[in-house]
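**Q** Pasting a predicted model and its sequence here:
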Amino acid sequence: MRLYKRLPVYFIIVLCSNCQYKFPELPTPGTGTADFSKTIAIGNSLTAGFANGALYDQGQANAYVNIIAGQINRVIPVTFNQPDINSPVGYSGTTTDGTPMGRLILVNPANPFPMPIIPGDPFNDNYAGDKTALNNFGVPGLRLIDVDVAGYAGQNRYFKRFALDVTNSSVLSDALAANATFFTFWLGNNDILGYATGGATGNENGDGSNGDDLVSVAVFTAKYATVIARLVQDGAQGVIANIPDVTDIPFFTTVPYNFLYFNNSVPADTLAVYNLNQQYANYNQGLAEALAAGEITAAEAGKRQVDFTFGANALLLYDEYLTDLSHRGLASIRPATGSDLPTFRSALVIGRDLGAGIVGTEAPLEDAYVLTPEEQSIIAARTAEFNAVIKAVAGQYSENLALVDMNAIFREFAARGVSIEGSLLTASIFPPFGGFSLDGIHPNPRGAAFIANRFIEAINRTFAATIPLVNPNNYPGNELPVLN
């Protein structure tokens, strides 16, 4: 049994070749009605420059907000100080023996997959620079509902690094203390992301006390309106972004549903297929009996039928939305379909024996490692509800705020990719065209430049500014895989 091969690069080229992007010719650069004299950024890991599973120097330097500040600086002199991590390799946790792990790199050119650099850099617990002079308040892990929590440094070591007062500061209070004239604000993603990356196993209407919960609309609405009101209350201008559908990112689109492969010329595979079908013979018979008894429909019986064959095979997964047939001794399992989204983390367990048999065949892939269509619908509906709140708030302060429709931008990008001056950029982690870093969630520098341009375009539209765009082709993408 082996992993199913990925799509060849030429297939990606076909998908993207019709989506062209050329830089519009702008008049003389200018600020329009925007006051950039003191510009700050508030956000989560995307704003901080987190990439490849870690916060490290290259990611920070190419954070989309730092790119925006650099373009503003081409028009008027501005300062944009970041809480530099001073970490070339970064920190993404430790091995079992306590050795620091660094950022992810691609290994194994024949079948590339991400692995951390070992050793990585120890985590830098304290920013040694002037904390009162910071402009970037991007904090990895920050949710909207956390932004005004006093003492948040006690919950988040990334904020603890640069909080003005680790006991009493909130991210918002420190940002307000900067007395900004202009701000970028992109929060709300993580209020959905934790629920999604956990396979939608959390509370569907949480209050935020559990990071795996989907934050309720009521909690989100109250918080968003309050936070934006405080940011603009003294006349500050800004640009805010709505929330992409998280299922458009590689964390949910990289692992194929038919991840396993049996080769009929390999005796071990031939035996495995035979044994698996024998193992599920009673299960399939039980489905037939449930159908005859009217307990399930013919469609559900067909959906749940397990039959392994040679070639690519769908993963076997647990599905809580199936009819409960436990009284017949039948588990709620079925083969995956193209509508299911195995998560990035599923690749760590698929094909392994974790005690109950080989995951994906002898044992089902647990709910925490996959988003079913029903769970995707829940996430899409909540994303739409949150974005309606963001749009309403943007409309309330239309003279002060520009709005970036990141939801529509990511949807188009995921579906078609983009050709920028003849060079491709895709919603993938794989070089040379991928715009996401190897964690499947955060952009790489080329992707960050693409995002920065979308913010700049919104600023220019709303404030009659002519801030120049950047060319993402001038920024590095992901490195080619190396031998492990």
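**A** Thanks, I have it. Numbers count the residues shown, from 1 in each chain.
**Q** C-alpha from now on. contacts and neighbour counts both.
**A** Fine.
**Q** List the residues that contact the closest residue to residue 253 other than its chain neighbours.
**A** The shortest distance from residue 253 to any non-neighbouring residue, by Cα to Cα, 6 or more residues apart in numbering, is to residue 341 (6.5 Å). Shown in contact with residue 341 (Cα atoms under 8 Å, 6 or more residues apart in numbering): 252-253, 255-257, 370-372.
**Q** phi, psi of residue 341?
**A** Backbone torsions for residue 341, taken as degrees, to the nearest 10, come to phi -120, psi 90.
**Q** partner residues bridging it?
**A** Following DSSP bridges, residue 341 is listed with bridge partners residue 371.
**Q** Can you give me the pLDDT of it?
**A** pLDDT recorded at residue 341 is 97.
**Q** all helices for this structure, in order.
**A** 9-16, 45-48, 57-61, 64-72, 157-160, 171-176, 190-197, 217-232, 267-279, 281-292, 298-304, 373-396, 406-416, 445-463 (DSSP state H).
**Q** In TSV: the ones you listed, plus distance to residue 141.
**A** TSV is the format used below for the helices of the chain (distance: least, Cα to Cα, whole Å):
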stretch	distance to residue 141
helix 9-16	31
helix 45-48	6
helix 57-61	15
helix 64-72	17
helix 157-160	9
helix 171-176	12
helix 190-197	7
helix 217-232	16
helix 267-279	41
helix 281-292	42
helix 298-304	38
helix 373-396	18
helix 406-416	19
helix 445-463	18
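**Q** closest one to residue 149 among the ones you listed?
**A** helix 171-176 (7.5 Å; Cα to Cα).
**Q** Would you mind checking the average pLDDT for the closest one?
**A** Mean per-residue pLDDT for helix 171-176: 98.
**Q** just the contacts of residue 341 now: which is nearest residue 281?
**A** residue 257 (22.4 Å).
**Q** from what I can see that closest one touches residue 337, true?
**A** Yes: when contacts are counted by Cα atoms under 8 Å, residue 257 is listed as touching residue 337 (6.2 Å).
**Q** Tell me which of those two has more neighbours.
**A** The neighbour count for residue 257 versus residue 337, taken as other Cα atoms under 10 Å, is higher for residue 257 (24 against 17).
**Q** what about that one, distance to residue 407?
**A** Distance, residue 257 to residue 407, using Cα to Cα, to the nearest Å: 25 Å.
**Q** With residue 439 instead?
**A** 20 Å.
**Q** higher neighbour count, these two?
**A** residue 439 (23 against 19).
**Q** Show the contacting residues for the spatially closest residue to residue 465 that is not a sequence neighbour.
**A** Closest residue to residue 465 apart from its sequence neighbours, by Cα to Cα, 6+ apart: residue 32 at 4.0 Å. Residues in contact with residue 32 (Cα under 8 Å, 6+ apart) are 460, 463-466.
**Q** Ok, residue 364 next?
**A** Contacts of residue 364 (Cα under 8 Å, 6+ apart): 315-318, 333.
**Q** and which of those is nearest to residue 426?
**A** Of all these, residue 426 sits closest to residue 315, with 25.9 Å by Cα to Cα.
**Q** Not counting its neighbours along the chain, what's nearest the closest one?
**A** That would be residue 360: by Cα to Cα, 6+ apart, it lies 4.8 Å from residue 315.
**Q** same thing with residue 346?
**A** residue 369 (5.1 Å).
**Q** Compute the number of surrounding residues for that neighbour.
**A** The number of residues packed near residue 369 is 26, by other Cα under 10 Å.
**Q** Kindly report the same for the one 5 residues further on.
**A** Neighbours of residue 374 under the rule other Cα under 10 Å: 15.
**Q** How about residue 388?
**A** For residue 388, using other Cα under 10 Å, the count is 14.
**Q** what separates it from residue 342, distance-wise?
**A** Separation of residue 388 from residue 342 (Cα to Cα): 28 Å.
**Q** what's the answer for residue 366, then?
**A** Distance from residue 366 to residue 342, by Cα to Cα: 10 Å.
**Q** Show me which of the two is the more surrounded one.
**A** When residue 366 and residue 342 are compared for neighbours, residue 342 comes out ahead with 31 against 17, by other Cα under 10 Å.
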